[in-house]
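>>> here's my sequence, what's the structure:
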Amino acid sequence: MKNAKLGIGSVVMAMCLGATGAVAETTVRMWSFLDPSKDTPRERALAQIITGFERKHSDIKIKVEPQIWHQLADKFTLAAGSGGAPDVAWINYPKLVVPINAGVVADLKPLFQNELSAGAQEDFITKAPLDAVTVGGKVLAAPMFMLSGVVMYRKDAFSKQGLSPADVKTWDGMLAASRQLTEKTNGQTSSWGMGIALSKDGASTNPLLVGLLELQPKVFDEKCRPTVATEAGVKALQMQADFVMKSATSPEAMARTSDDNQDLFTAGRQAIVVGGSSRVSSTREKAAWDASQLGILKWPSWTGAISGPYVMDGWFAVVWNKSPNAKAAAAFVEYMMSREVAPLWTLVGGQVPFRKSVIAMPEMKSDANAWMTQVTEGWSENVAFLPSECNAGALNSDLNEATQKVITGRATPLEALKEVERLGAERL
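From the prediction side, this is the model:
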């Protein structure tokens, strides 16, 4: 009898191990806007991180299924509702409200081993990202890297027109400089001064929001309804519309996403561009002009006394709360945000660090990384963090649509902003 049991056990063991003797693998599916098979800085970093994790966990394989970045939150939430979500999804901060409010993300606290401990958090420059996603004592997302909108410019274009960063400290100065930087060839505009992405799709931080937050730090009420139809909102909206209406920004900006905008800047068709801090490294690599001429400007403000506020957001990873592989998925998410791999996100991926240990590295003193210091200086001077429970992503889209209405004469700034408030309240 004992031998019979041993024989059955051996068969079961063989079935589990397979002919090669390998341990059965768990495949963790992850949706991200990054594709580790591609060759941009962040995608190279992710590929190295996956390789490192799989070496440590031979029984876990990571399968990345790339997605369009501004569709991730909605698509993941819908997939979770139908039972077909991936184990892990990357969500940008303004859209975290969608899966969080739908109740489809797991509490990472009981799933993580180290990175949520008090000692581990001491390495963070700020605990604000984790605080923002901690709801009722549950940690519902893990920060991958922190971002903000930044203003990139071409130093050579400024020099050609006798301009310097001191000329663009205010919004009036930025508008005047952008008009001066707009160039024409044979009567046609060949290069625009300022690039702003005004499409509703994938909308992110733009001058309107920065200018509004400086004058009015709260743009949502206690119920997360937008409160933007104000004197400050009218002033900021008119300022943004003026870039198009006064020939400093192409009218085609109304149909352009941030991806379109960045491509035009790297091609040399815009002298200044509003984009994410995450894009600086890839811009340096792809620029059709001398990349040493890439500079970072502080956000303009109304008076120029200090910079305008840097609106903080970033990319977070969530684990589906009904994932059959939740433990393995959480292990990978924890590894991606760990102190161990943080240098890869910065030194390979070109992301501004939010860990003290990375900032202290000798490599951060190189000329190639000097722009990161400029961004962190801006962060230390003036920052804003919109509440995670409110739909900041929808607000950005609605503000872009309001800008389009003013540019095309379909509404006054106040009328357009009242519609933003109505849409925000209706969406709730």
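
>>> show me the helices in the stretch 251-400 of the chain, by range?
258-266, 280-286, 326-336, 342-343, 356-359, 370-381, 392-407 (DSSP state H, counting those that start in this stretch).

>>> so what secondary structure elements neighbour the fifth one?
Read it as helix 356-359. Secondary-structure packing of helix 356-359 (3 or more C-beta pairs under 8 Å, 6 or more residues apart in numbering; DSSP states H and E): helix 342-343. Placement of C-beta: from N, CA and C, glycine included.

>>> try the first one
Helices and strands touching helix 258-266, as assessed by 3+ C-beta pairs under 8 Å, 6+ apart, comprise strand 188-195, strand 270-276, helix 280-286.

>>> please redo it, this time with the cut-off set to 10 Å
When contacts are defined as 3 or more C-beta pairs under 10 Å, 6 or more residues apart in numbering; DSSP states H and E, helix 258-266 packs onto strand 142-154, strand 188-195, strand 270-276, helix 280-286.

>>> what angle do the helix or strand just after the second one and strand 188-195 make?
Yep, that's strand 188-195 we're talking about. Counting by DSSP states H and E, the next helix or strand C-terminal to strand 188-195 is helix 207-215. Relative orientation of helix 207-215 versus strand 188-195 (axes from the mean of the first three to the mean of the last three C-alpha atoms, to 10 degrees): 30 degrees.

>>> how far away from the center of its chain is helix 207-215?
Counting by C-alpha atoms, centre = their mean, to the nearest Å, helix 207-215 is centred 18 Å from the centre of its parent chain.

>>> and it, what's buried?
By neighbour count on 16 or more other C-beta atoms under 10 Å, the buried set for helix 207-215 is P207, L208, L209, V210, G211, L212, L213, E214.

>>> measure the second one to F76 for me?
Meaning L208. Between L208 and F76 the computed distance is 28 Å (C-beta to C-beta, to the nearest Å).

>>> ok, now the last one?
In this structure, E214 and F76 are separated by 33 Å, where distance is defined by C-beta to C-beta.

>>> what does the fifth one give?
Taken as C-beta to C-beta, the spacing of G211 relative to F76 amounts to 32 Å.

>>> G308 is nearest to which of the helices of the stretch 251-400 of the chain?
Closest approach to G308 among the helices of the stretch 251-400 of the chain is made by helix 370-381 (9.3 Å; C-beta to C-beta).

>>> if we can go back for a sec, could the helices and strands packed on helix 258-266 be laid out in a markdown table, adding distance to V358?
Output for those, formatted as a markdown table (distance: least, C-beta to C-beta, whole Å):
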| stretch | distance to V358 |
| --- | --- |
| strand 142-154 | 11 |
| strand 188-195 | 30 |
| strand 270-276 | 19 |
| helix 280-286 | 15 |
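
>>> make TSV from the ones you listed and add mean pLDDT, distance to I68 and mean neighbour count to it.
Output for the helices and strands packed on helix 258-266, formatted as TSV (pLDDT from 0 to 100; distance: least, C-beta to C-beta, whole Å; neighbours: other C-beta atoms under 10 Å):
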stretch	mean pLDDT	distance to I68	mean neighbour count
strand 142-154	93	18	24
strand 188-195	93	21	19
strand 270-276	94	16	25
helix 280-286	88	17	18
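
>>> mean pLDDT lowest for which of the helices of the stretch 251-400 of the chain?
Comparing mean pLDDT across those, the weakest is helix 370-381, with a mean of 83.

>>> what angle do it and strand 142-154 make?
Per the same axes, to 10 degrees, the angle that helix 370-381 makes with strand 142-154 is 110 degrees.

>>> okay, buried residues for helix 370-381 please.
In helix 370-381, counting by 16+ other C-beta under 10 Å, buried: W371, M372, Q374, V375, T376, G378, W379.

>>> now swap in stretch 421-428 and tell me
Counting neighbours by 16+ other C-beta under 10 Å, the buried set in stretch 421-428 is E421, L423, G424.

>>> and it, how far from the chain's centre?
24 Å.

>>> who's in contact with the most centrally placed residue in the chain?
The centre of the chain sits closest to G314, judged by C-alpha atoms, centre = their mean, with a distance of 4.2 Å. For G314, the contacting residues are 92-94, 96, 129, 132, 141, 143-148, 276-278, 351-352, 354, by C-beta atoms under 10 Å, 6 or more residues apart in numbering.

>>> now do 7 Å
Listed by C-beta atoms under 7 Å, 6 or more residues apart in numbering, the contact partners of G314 are Y93, P129, P143, F145, M146, L147.

>>> from Q48, how far off is the fourth one?
As defined by C-beta to C-beta, F145 lies at a distance of 15 Å from Q48.

>>> got it, and the third one?
With distances taken as C-beta to C-beta, P143 is found 19 Å from Q48.

>>> got it, and the last one?
L147 sits at a distance of 20 Å from Q48 (criterion: C-beta to C-beta).

>>> how about low-confidence regions in the protein?
Applying pLDDT under 70 to the chain picks out residues 1-23.

>>> domain parsing for it?
The record, using automatic domain parsing to delimit domains, assigns the chain the ranges 25-147+313-383, 149-311+384-427.

>>> what residues are bridge-paired with the residue lying closest to M144 once chain neighbours are set aside?
In this structure, M144 finds its nearest non-sequential neighbour in W315, 4.6 Å apart by C-beta to C-beta, 6 or more residues apart in numbering. Beta-bridge partners for W315, by DSSP bridges, are N92, F145.

>>> correct me if wrong: W315 contacts K95.
No. W315 lies out of contact with K95 (C-beta atoms under 7 Å); the separation is 10.4 Å.

>>> could the helices of the stretch 251-400 of the chain go into TSV alongside distance to I62?
Below are the helices of the stretch 251-400 of the chain laid out as TSV (distance: least, C-beta to C-beta, whole Å):
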stretch	distance to I62
helix 258-266	25
helix 280-286	23
helix 326-336	6
helix 342-343	18
helix 356-359	23
helix 370-381	27
helix 392-407	27
